[in-house]
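Visitor: Using only what follows, build the 3D model:
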Amino acid sequence: MSKKLSATTAGSLPKPKWLAEPEKLWPEWKIKKEDLWEGQKKSVLQWIQVQESAGLDIITEGEQFRIHFVHGFLQKIKGISWNQKTKMGIRNNRYTVEVPTVTEAIIRPEIIHLKEAEFLRKNTKKKTKFTLPGPMTICDTIANNYYQTREEMAFAFAQILNIEAKALEKAGIDIIQFDEPAFNSFNQETINWGVKALETAIEGLKCKTAVHVCYGYGIKENINWKQTLGDQWLEYKTIFPSINDSNINQVSLEFSGSKVSPELMLLLPDKEIMVGVVTVVSDVIETVEEVENNILSALKFVDRERLIPSSNCGMAPLSTEIAIAKLKALGNGTQLINNRN
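Guide: Have a look, this model is predicted:
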């Protein structure tokens with residue numbers, strides 16, 4: 001009998017309107033600081049129920065405790081000035097944002113996401129996944145006014161991430177995923193030092209480890225950038241060999257609605273592949289048959305034992321209603337494949 005496919009989501013899920021500004025990548029919290037933790041937990045419980053009802057087998061907390069997938073981690077790191085903002089191009093100048101600045105050696109005074117991981121683990125019997133920003137992507141989302149090079153800063157963050165990841169593993173998290181969309185913007189740097197920094201972040205972990213490499217959230221700047229990439233998106237072709245040679249266990253990639261050839265998955269013969277079979281750039285809801293066909297396309301190039309149906313990227317900028325519908329399509333499409341065998 002063929003192995004049952006286990007579906008999951010790439011990472012973030014929309015925050016409810018009562019918790020934070022809706023459909024924004026950088027929202028503001030809408031409830032008082034003293035009520036925030038309880039509100040975040042309430043939202044996580046709702047999303048756990050949605051994921052389980054949709055038929056997903058690997059559950060996340062949807063990054064409900066974080067205002068942003070990178071800055072939510074950085075807020076408790078010492079050595080970063082949140083008052084000294086620097087205007088900086090993000091993802092190789094795809095868009096410009098005022099970001100906090102590293103002004104001295106970074107120090108992590110405490111485990112940052114431990115309570116959140118413990119809360120997730122306590123509230124589902126299914127496998128769990130927890131996301132962290134990858135070292136290169138952190139360094140492409142924060143200004144450097146201390147370290148000699150971006151590479152040096154990345155390895156400093158990698159060491160902090162490694163300690164954090166070990167604490168999350170101890171809390172019972174099954175998969176720790178590092179989000180590295182910057183890999184697609186800096187291909188040569190990824191080969192030169194990005195993957196090595198990632199390996200520093202996962203050193204000594206016994207749980208499954210994953211790296212998420214996508215073409216970005218469904219925001220205008222990313223959508224416009226994709227239109228400049230031509231008829232074939234070949235960034236994966238450049239970086240996948242280095243990732244396949246690494247110690248990472250899983251690779252999460254963008255596929256549905258993209259111009260990524262499924263043949264590029266052949267460059268990852270030694271990895272489990274979380275393949276994006278629902279998009280995050282459109283409010284159009286995939287039919288169950290479309291999800292099924294996306295999975296079948298991937299199965300032509302990836303062994304069933306190594307395939308994990310997922311979303312292309314995080315869903316934070318989408319509306320809650322659209323995200324729920326897409327998760328249902330993801331779960332139902334996966335179930336169609338499982339029912340065949």
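Visitor: In contact with Ile337, which residues?
Guide: Leu5, Glu292, Ile295, Leu296, Leu299, Pro309 (C-beta atoms under 8 Å, 6 or more residues apart in numbering). C-beta coordinates here come from the backbone N, C-alpha and C atoms, glycine included.
Visitor: ok, so what distance separates Lys4 from Asp57?
Guide: From Lys4 over to Asp57 the distance is 8 Å, taken as C-beta to C-beta, to the nearest Å.
Visitor: So which of those two has more stuff around it?
Guide: Higher neighbour count among Lys4 and Asp57: Asp57, with 17 against 12, using other C-beta atoms under 10 Å.
Visitor: check which helix or strand covers the nearest residue to Cys207 once chain neighbours are set aside.
Guide: Leaving out its chain neighbours, the residue that sits closest to Cys207 by C-beta to C-beta, 6 or more residues apart in numbering is Glu169, at 4.6 Å. Counting by DSSP states H and E, the element that carries Glu169 is helix 150-170.
Visitor: How far does the helix or strand following that helix sit from its chain's centre?
Guide: Sequence-wise, the next helix or strand downstream of helix 150-170 (DSSP H and E) is strand 175-179. Relative to the chain's own centre, strand 175-179 is displaced by 7 Å; criterion: C-alpha atoms, centre = their mean, to the nearest Å.
Visitor: List the contacts of strand 175-179.
Guide: 11, 58, 69-70, 127-135, 137, 161, 165, 168-169, 198, 201-202, 205, 207-212, 250, 252, 314.
Visitor: filter the residues you listed to the buried ones?
Guide: Buried members of the contacts of strand 175-179, counted by 16 or more other C-beta atoms under 10 Å: 11, 58, 69-70, 128-135, 137, 161, 165, 168-169, 198, 201-202, 205, 207-212, 250, 252, 314.
Visitor: Those in strands, which ones?
Guide: 58, 128-133, 208-212, 250, 252 (DSSP state E).
Visitor: from those residues, which two are the most distant?
Guide: Ile58 and Pro133 (19.3 Å; C-beta to C-beta).
Visitor: tell me, how many neighbours does the residue nearest to Gly172 when sequence neighbours are not counted end up with?
Guide: Take Gly172 and drop its neighbours on the chain: the residue closest to it by C-beta to C-beta, 6+ apart is Arg121, 4.2 Å away. Residues lying near Arg121 (other C-beta under 10 Å) number 18.
Visitor: quick one: the helix or strand hosting Arg121 to helix 150-170, angle?
Guide: According to DSSP H and E, Arg121 maps onto helix 114-122. Angle of helix 114-122 versus helix 150-170, following axes from the mean of the first three to the mean of the last three C-alpha atoms, to 10 degrees, is 40 degrees.
Visitor: Give me the helices and strands touching helix 114-122, please.
Guide: helix 33-54, strand 127-133, helix 150-170 (3 or more C-beta pairs under 8 Å, 6 or more residues apart in numbering; DSSP states H and E).
Visitor: which residues sit against the last one?
Guide: Counting by C-beta under 8 Å, 6+ apart, the neighbours of helix 150-170 from elsewhere in the structure are 73, 77, 102, 105-106, 108, 111-114, 117, 130, 132-136, 138-140, 144, 146-147, 176, 178, 189, 192-194, 197-198, 200-207, 209.
Visitor: With the longest one instead?
Guide: Contacts of helix 33-54 with the rest of the structure, by C-beta under 8 Å, 6+ apart, involve 9, 13, 15-16, 18-19, 29, 31, 59-62, 64-65, 116, 119-120, 123-124, 126, 324, 327-328, 330-332.
Visitor: Now, these that are in helices?
Guide: Secondary structure assignment by DSSP state H places Glu116, Phe119, Leu120, Ile324, Leu327, Lys328, Leu330, Gly331, Asn332 of the contacts of helix 33-54 in helices.
Visitor: same question for stretch 5-12, mean pLDDT?
Guide: Averaged across stretch 5-12, pLDDT comes to 96.
Visitor: so how far is it from its chain's centroid?
Guide: On C-alpha atoms, centre = their mean, the centre of stretch 5-12 falls 10 Å from that of its chain.
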